[in-house]
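Engineer: this one's structure only:
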């Protein structure tokens, strides 16, 4: 006898239930949990290192200047300053000389070399410890986000990391200081933790930074061009490794981007190309007499697609709050030309500053030199930007309320006129009745 169709279906359902119960009875194997990364932590993005060509020169006694070109492409400028040489000093901007371009600061103070300094805030005030000329700035206070580079009265450089607060640094300990973040090199090694926590460490940008040797007798200053065709910039990881290569035991990042600039007197003034450089027509409109003379003596220029000749104009040199300057005796005649090429052949990256005779015009100056006026102008403009919308909103609310009141008054006027009836005769009629003849 064969089971019916309903019996076969019930048996199949029973078998499925028994199989599922047996599977649930077996112990489950623990699934491996993915490892969670700490929040706000990044790691270096691997990049291929480009071939480099180094050119060294001695623009002043105790000062060595390096121009490095790589196939990234990148253009990097470095100064190695030896404080053990008599007459060599590293200084920072006094408070009454703030807000100048690097070229203006260097020219007015007759320094052998200079770079831009630290950061400033929204209200155009210094961030972190700042000093110059042997005196602390009144508006620079240390905090747990910024470290600072300082020169002591013993003519030694040192770097205070951000976590070490120095609110009351004795005046006898430092004469000049500028702040920055993050730490690049700590105790001779790349500060991996600081860079991993910094949001822009993996991006290539124009950079400015300062480093010191273990004994504080050597100061290393680096400026990297960026955001341009001939130089993409550097990541903070790449910048850190270059500091270690040049002998830094500690290094600190300073204000970069459009502020990055380096001045070397014996090498022609501002040696780097501030971001925003461009090619322009050889005799473009608005060219100054100096520009025309430079164009006239050009040995090589670029030919554009339309056949016109172009020269390279470097970007605008920005006014910055403070600077780091190098005071050093002049080098002997011929010392500035001493070079020591290292690595591959020079890179032909289209940069007109490469050896070959291309014309390079100096950086453009700011259209408006605000100087210290920005310290009250910017807060005033910010206040106006906040006050105008608030005042406009208040005026709009007042006007709307006024219109509503006037509309309500007009609507109530007919009802009031209709409900009002005269109870006595008009004055003229009353007088006529009173004085009528009998």
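Structural biologist: Thanks, I have it. None of the values given here were measured: they were computed from a predicted structure.
Engineer: can we go C-alpha only for contacts and neighbour counts from here?
Structural biologist: Will do.
Engineer: quick one, strands of the stretch 1-150 of the chain?
Structural biologist: Assigned by DSSP state E, counting those that start in this stretch, the stretch 1-150 of the chain shows strands spanning 52-60, 63-70, 74-82, 89-92, 113-116, 131-132, 135-136, 147-151.
Engineer: so which of those comes closest to residue 275?
Structural biologist: strand 74-82 (11.9 Å; C-alpha to C-alpha).
Engineer: in the stretch 51-200 of the chain, which ranges drop under the pLDDT threshold?
Structural biologist: Scanning the stretch 51-200 of the chain for pLDDT under 70 picks out 123, 140, 166-172.
Engineer: Which parts of it are helices?
Structural biologist: Counting by DSSP state H, counting those that start in this stretch, the segments of the stretch 51-200 of the chain that form helices are 102-109, 192-197.
Engineer: now for the ones you listed, which one comes closest to residue 158?
Structural biologist: Nearest of the helices of the stretch 51-200 of the chain (C-alpha to C-alpha): helix 192-197, 18.3 Å.
Engineer: Residue 412 belongs to a helix, doesn't it?
Structural biologist: Yes: assessed by DSSP: H, G, I helix; E, B strand; the rest coil, residue 412 belongs to a helix.
Engineer: tally of neighbours for it?
Structural biologist: The local packing of residue 412 (other C-alpha atoms under 10 Å) involves 11 other residues.
Engineer: So it versus residue 406, what's the distance?
Structural biologist: From residue 412 over to residue 406 the distance is 10 Å, taken as C-alpha to C-alpha, to the nearest Å.
Engineer: which one of the helices of the stretch 51-200 of the chain is the most hemmed in?
Structural biologist: Of the helices of the stretch 51-200 of the chain, the one with the most neighbours on average (mean count of other C-alpha atoms under 10 Å) is helix 102-109, at a mean of 19.
Engineer: Quick one: list the elements packing against that helix.
Structural biologist: Helices and strands touching helix 102-109, by 3 or more C-alpha pairs under 8 Å, 6 or more residues apart in numbering; DSSP states H and E, are strand 113-116, strand 262-264, strand 269-270, strand 323-327.
Engineer: winner for burial among those?
Structural biologist: Comparing these by mean neighbour count (mean count of other C-alpha under 10 Å), strand 113-116 comes out on top with a mean of 30.
Engineer: For that one, which helices and strands make contact with it?
Structural biologist: When contacts are defined as 3+ C-alpha pairs under 8 Å, 6+ apart, strand 113-116 packs onto helix 102-109, strand 262-264, strand 323-327.
Engineer: Report the contact partners of the closest residue to residue 256 other than its chain neighbours.
Structural biologist: Of all residues not flanking residue 256 in the chain, residue 207 sits nearest, at 4.5 Å (C-alpha to C-alpha, 6 or more residues apart in numbering). By C-alpha atoms under 8 Å, 6 or more residues apart in numbering, residue 207 lies in contact with 222-226, 233-234, 253-257, 260.
Engineer: cool, residue 129 as well?
Structural biologist: Residue 129 sits next to 136, 137, 140, 141, 142, 147, 148, 167, 177, 178, 179 when contact means C-alpha under 8 Å, 6+ apart.
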